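**Student:** the amino acid sequence is not available; the structure is as follows:
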């Protein structure tokens with residue numbers, strides 16, 4: 001009986017993955033775009049190997065998200081305004097690759113990092129200590145990226161620890177998780193004023209993210225135009241910690257259909 005139940009459980013899991021891929025194929029060009037997380041810049045909100053659907057209708061269609069090969073407009077239509085805290089996939093303003101980060105500042109906001117703390121419109125965001133984020137120090141995902149740790153040097157197979165905090169935007173009750181590895185060049189920034197029609201993004205893994213804090217001149221993101229927004233990420237559909245999706249023993253079952261906050 002135990003063997004039969006195990007086979008049935010595996011079969012149900014395979015069916016879940018199959019239908020997720022089918023849905024991706026049908027709706028990709030219309031409403032959703034599948035997206036794999038390739039790096040650790042959004043840990044621990046998003047892990048390497050997470051698979052999600054990006055809601056392309058959240059902010060309307062642009063020339064980057066239009067379902068047709070040629071769009072009859074150059075701006076964006078039908079969408080609502082992005083909000084601070086949204087996790088968004090956008091087109092890099094310089095190299096055109098797809099990035100995923102958290103929106104931290106909207107047009108008219110001033111934003112600055114001071115000693116690793118995010119300041120918004122002249123006030124520091126509230127942060128509260130949380131339980132450390134611990135993962136294994138080993139190559140991760142298809143790119144075999146090795147995580148950085150607060151407690152480095154750590155040998156392969158050891159416990160890689162990062163300090164974790166809960167950060168709150170003004171008026172936010174639930175907050176979101178951010179990680180701190182230690183001192184980094186992006187812990188201190190000038191005061192940026194977000195221009196009209198532009199947005200400021202940061203990764204939740206604050207010391208391991210090339211985002212809007214890094215100027216475009218040195219391969220950073222800088223400010224992101226509204227028309228470059230592709231869509232909002234709302235939920236992890238599937239997650240695999242291995243090099244290949246078929247390595248079912250590396251699937252993170254506890255992350256299937258997890259809401260992104």
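**Tutor:** Cool, the structure landed. Note that this is a predicted model, so its numbers are computed, not measured. Numbers count the residues shown, from 1 in each chain.
**Student:** for the rest of this, base every contact and every neighbour count on C-alpha atoms.
**Tutor:** OK.
**Student:** the helices in this structure, which residues?
**Tutor:** 2-27 (DSSP state H).
**Student:** residues contacting residue 168?
**Tutor:** By C-alpha atoms under 8 Å, 6 or more residues apart in numbering, residue 168 lies in contact with 125, 126, 127, 174, 175, 176.
**Student:** I misspoke; the intended subject was residue 125.
**Tutor:** With contact taken as C-alpha under 8 Å, 6+ apart, residue 125 is in contact with 117, 118, 119, 167, 168, 169, 170.
**Student:** could I get those as TSV with pLDDT?
**Tutor:** As requested, the contacts of residue 125 are arranged in TSV below (pLDDT from 0 to 100):
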residue	pLDDT
117	96
118	97
119	98
167	98
168	97
169	96
170	93
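**Student:** filter those down to the buried ones, PyMOL style.
**Tutor:** Those of the contacts of residue 125 that count as buried under 16 or more other C-alpha atoms under 10 Å are selected in PyMOL with:
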select buried, resi 117+118+119+167+168+169
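**Student:** and the end-to-end length of stretch 103-117?
**Tutor:** 16 Å (C-alpha to C-alpha, to the nearest Å).
**Student:** tell me where the model's unsure across this structure.
**Tutor:** 1-10, 13, 20-30, 61-79 (pLDDT under 70).
**Student:** returning to that earlier point: quick one, which of the contacts of residue 168 are buried?
**Tutor:** 126, 127, 175, 176.
**Student:** quick check: residue 80 touching residue 229?
**Tutor:** No. With contact defined as C-alpha atoms under 8 Å, residue 80 does not reach residue 229; the gap is 11.7 Å.
**Student:** neighbour-wise, which of those two wins?
**Tutor:** Per other C-alpha atoms under 10 Å, whichever of residue 80 and residue 229 has more neighbours is residue 229, with 28 against 10.
**Student:** and for the nearest residue to the more buried one once chain neighbours are set aside, the neighbour number?
**Tutor:** Nearest non-adjacent residue to residue 229, counting by C-alpha to C-alpha, 6 or more residues apart in numbering: residue 90, 4.3 Å away. Number of residues near residue 90 (other C-alpha under 10 Å) recorded here: 24.
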